[in-house]
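Asks: got a predicted structure plus its sequence, pasted below:
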Amino acid sequence: MQYEMRLRSQRTLRKPVSVTGVGYWSGRENRVELEPAGVGVGVVFVRADLADAVTIPAVVEHRVEASSRTNLCVGKARVEMVEHLLSALAGLDIDCCRVRVHGEEMPGLDGSSLAFVEAIDAAGVEELDASIDPIVVDSVIRVGDDTAWIEASPPRCAGLSVDYELDYGDGPIGRQVLSLRVTSDGYRTGIAAARTFLPAEDAERLRAAGRGLSATTGDLLIFGPDGPIGNTLRWPDECVRHKVLDLIGDLSLAGRPIHAHVRAHRSGHRLNGALATRLAAARLEPTSA
C-alpha cells in the first residue's frame with residue numbers, strides 16, 4: 001500500500017445527549033438519546049417505547065427494503081430513516097453507541113445530519129481500551145447496472161474516499177460530482193449540513209399518497225423548475241453532498257469502518273445497502289499495520 005495504515009481505538013461518547021424532532025413520514029415526535037457504550041457493542045438502537053425495549057443492531061442483517069430511506073427491523077420492532085444519524089456517527093468515527101429512541105421514525109429535522117453532529121460534539125468522545133478492525137478492501141466489489149451503480153476498490157488513503165456522480169438530467173438539480181476523503185473535520189464542514197432534496201413532482205406524489213405531510217419547503221429542499229422552493233442552497237452542489245451523507249450512513253451498516261475508495265453513479269439507499277452487504281460478507285482481513 002502507498003500509505004501508512006494505523007489502527008485506532010474504538011470510540012464512544014463521553015456522556016449522554018439527546019435530539020428531539022418530528023419524523024417526516026409519520027409526523028410523530030421522537031426523542032433520540034445517544035448514550036455511551038462499551039467495547040464491541042457497535043451502534044445499537046433500543047426501542048424504549050416498547051414493553052420489551054427491543055434492541056436493533058445497526059448492521060445489514062437487520063436492514064429492510066424501504067422507499068427513499070433506510071430502515072432496520074428485529075421481529076416486529078422497527079426503526080426508520082436511520083441513515084442521517086448513522087452517517088453522523090460514522091462521519092465522526094463513533095464506533096460504539098446505544099441509541100435509545102421513543103418511536104419508530106428518526107426526527108427529520110432540517111433534512112441533514114447537522115443536529116446529530118452538534119449533539120455528538122457536545123457529548124465529547126471517549127476512546128475505549130480496544131482497537132477497531134476496519135474492513136480493508138483488496139479487490140473491486142461492484143453492484144448495480146449501467147444506469148446506477150456503486151463500487152468499492154482498494155483504498156487510496158487511510159480510510160474511506162468517495163467519488164460520487166449525481167445526474168438528474170436537464171433541470172435545476174442537473175449533474176453534480178463530488179470527490180473527497182472522508183475525515184471527521186471534513187464531514188463536519190462539508191457534508192453534515194447537506195439536506196434531503198427531491199423534485200416537486202415527487203413531493204406531490206408523496207403528499208397525494210398521504211406521506212410526508214408534516215414536511216414543508218422550509219424543512220428540506222424541494223426543487224421546482226427554477227430551483228429550491230422557499231429555500232436557499234447551502235452549497236451550489238448541496239444535492240450531491242447529501243448523497244454522500246446518505247452513502248456514509250448506509251455503508252456503516254457493514255459493521256466496521258471501511259478502508260476503500262468508493263465510486264458511485266446515481267446510487268441510492270438500495271444499492272448502498274447492497275454494497276454494505278457485500279462488504280460485510282467478504283472475507284476481508286483486518287490490517288495488522
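Replies: That came in fine, so what should we check first? Residues are numbered from 1 along each chain as shown.
Asks: can you show me the helices along the protein?
Replies: 83-91, 114-123, 184-190, 200-208, 238-251, 269-281 (DSSP state H).
Asks: got a markdown table for the ones you listed, with distance to Val101 and mean neighbour count too?
Replies: C-beta coordinates here come from the backbone N, C-alpha and C atoms, glycine included. Below are the helices of the chain laid out as a markdown table (distance: least, C-beta to C-beta, whole Å; neighbours: other C-beta atoms under 10 Å):
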| stretch | distance to Val101 | mean neighbour count |
| --- | --- | --- |
| helix 83-91 | 9 | 28 |
| helix 114-123 | 13 | 20 |
| helix 184-190 | 23 | 15 |
| helix 200-208 | 23 | 14 |
| helix 238-251 | 16 | 25 |
| helix 269-281 | 19 | 20 |
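Asks: mean pLDDT lowest for which of these?
Replies: Mean pLDDT per stretch puts helix 200-208 lowest among the helices of the chain, at a mean of 78.
Asks: and it, what does it pack onto?
Replies: In terms of contacts (3 or more C-beta pairs under 8 Å, 6 or more residues apart in numbering; DSSP states H and E), helix 200-208 is packed against strand 221-224.
Asks: how about the strand it packs on: buried residues?
Replies: Residues Leu221, Ile222, Phe223 are the ones in strand 221-224 that count as buried (16 or more other C-beta atoms under 10 Å).
Asks: ok, and the closest non-adjacent residue to Asn71?
Replies: Glu80 (4.6 Å; C-beta to C-beta, 6 or more residues apart in numbering).
Asks: equivalent analysis for Met106, please.
Replies: Nearest non-adjacent residue to Met106, counting by C-beta to C-beta, 6+ apart: Met81, 4.9 Å away.
Asks: what stretches of this protein score poorly on pLDDT?
Replies: Flagging of the chain using pLDDT under 70 yields the residue ranges 1-6, 209-215, 217, 283-289.
Asks: quick check, central residue of it?
Replies: The centroid of the chain falls nearest to Gly249 when counting by C-alpha atoms, centre = their mean (1.9 Å).
Asks: that residue reaches Leu92, doesn't it?
Replies: No: using C-beta atoms under 8 Å, Gly249 makes no contact with Leu92, being 11.9 Å away.
Asks: hmm, back to that, mind checking the helices of the chain for the one nearest to Ala152?
Replies: Of all the helices of the chain, it is helix 269-281 that lies closest to Ala152, at 6.2 Å by C-beta to C-beta.
Asks: any idea how far that closest one is from the chain center?
Replies: 13 Å (C-alpha atoms, centre = their mean, to the nearest Å).
Asks: repeat that for stretch 156-174.
Replies: Stretch 156-174 has its average C-alpha position 15 Å from the chain's average C-alpha position, going by C-alpha atoms, centre = their mean.
Asks: can you check stretch 48-55 too?
Replies: Put simply, stretch 48-55 sits 24 Å off its chain's centre (C-alpha atoms, centre = their mean).
Asks: re earlier: the residue nearest to the centre of the chain - nearest residue in space that isn't next to it in sequence?
Replies: Nearest residue to Gly249, sequence neighbours excluded (C-beta to C-beta, 6+ apart): Ser87, at 3.2 Å.
Asks: dump the residue contacts of the one you found.
Replies: Neighbouring residues of Ser87 by C-beta atoms under 8 Å, 6 or more residues apart in numbering: Ser113, Ile191, Leu245, Asp246, Ile248, Gly249, Ser252.
Asks: 6 Å - rerun?
Replies: For Ser87, the contact set (C-beta atoms under 6 Å, 6 or more residues apart in numbering) comprises Ser113, Leu245, Ile248, Gly249.
Asks: can you lay out those residues as a markdown table showing distance to Trp25?
Replies: Output for the contacts of Ser87, formatted as a markdown table (distance: C-beta to C-beta, whole Å):
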| residue | distance to Trp25 |
| --- | --- |
| Ser113 | 17 |
| Leu245 | 18 |
| Ile248 | 21 |
| Gly249 | 17 |
